[in-house]
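Peer 1: sequence plus the predicted model coming up.
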Amino acid sequence: MELSDVRKKIEELDKSIIELIAERTNLAGVVLELKKVDGRGIEDTDQNHAVINRAIDLATELNLDTGAIRDIFEILIRMNIERQHELSGEGNLP
């Protein structure tokens, strides 16, 4: 295998990761609507902790840096919260 082949594979994976992040962020609208139906606010600390713990558990199983995975998922959660605020008319995003 050539270095260029490995870099091409990494590029493909990066594209897939970004597409998955977009898909995850787009689900924020669905989550917001369901929260409205249930009379819930945007912030859901218990769910955020559950998501992070699930990610850390999987990272541990896969022998990944759990601190880095925690940071990544905290960013993903913030992105979804910001998106929900934007969709509810309270956000700062374009």
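Peer 2: Right, received. Where do you want to start?

Peer 1: what ranges does this structure have for its helices?
Peer 2: 3-38, 45-61, 66-87 (DSSP state H).

Peer 1: from these, which stretch is densest packed?
Peer 2: Stretch with highest mean neighbour count among these: helix 66-87 (a mean of 16; mean count of other CB atoms under 10 Å). The C-beta positions use only the backbone N, C-alpha and C, and glycine is treated the same way.

Peer 1: in TSV: the helices of the chain, plus mean pLDDT.
Peer 2: Shown next, in TSV, are those (pLDDT from 0 to 100):
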stretch	mean pLDDT
helix 3-38	96
helix 45-61	97
helix 66-87	96
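
Peer 1: identify the residue nearest the residue most central in space within the chain in space, chain neighbours excluded?
Peer 2: Centroid check for the chain by CA atoms, centre = their mean gives residue 76 as the closest residue, at 3.1 Å. In space, and not counting its chain neighbours, residue 76 is closest to residue 24: 6.4 Å by CB to CB, 6 or more residues apart in numbering.

Peer 1: for that neighbour, give its distance to residue 47.
Peer 2: Per CB to CB, to the nearest Å, residue 24 is found 14 Å from residue 47.

Peer 1: quick revisit: double-check the residue nearest to residue 76 against residue 75; I have them as touching.
Peer 2: No: in this structure, residue 24 is not within contact of residue 75 by CB atoms under 8 Å, at 11.3 Å.

Peer 1: residue 70 touches residue 56, doesn't it?
Peer 2: Yes: Residue 70 is within contact range of residue 56, at 6.0 Å (criterion: CB under 8 Å).

Peer 1: pretty sure residue 29 contacts residue 83?
Peer 2: Yes: Residue 29 is within contact range of residue 83, at 7.3 Å (criterion: CB under 8 Å).

Peer 1: for residue 5, give me its contacts.
Peer 2: Residue 5 is in contact with no residue at all, counting by CB atoms under 8 Å, 6 or more residues apart in numbering.
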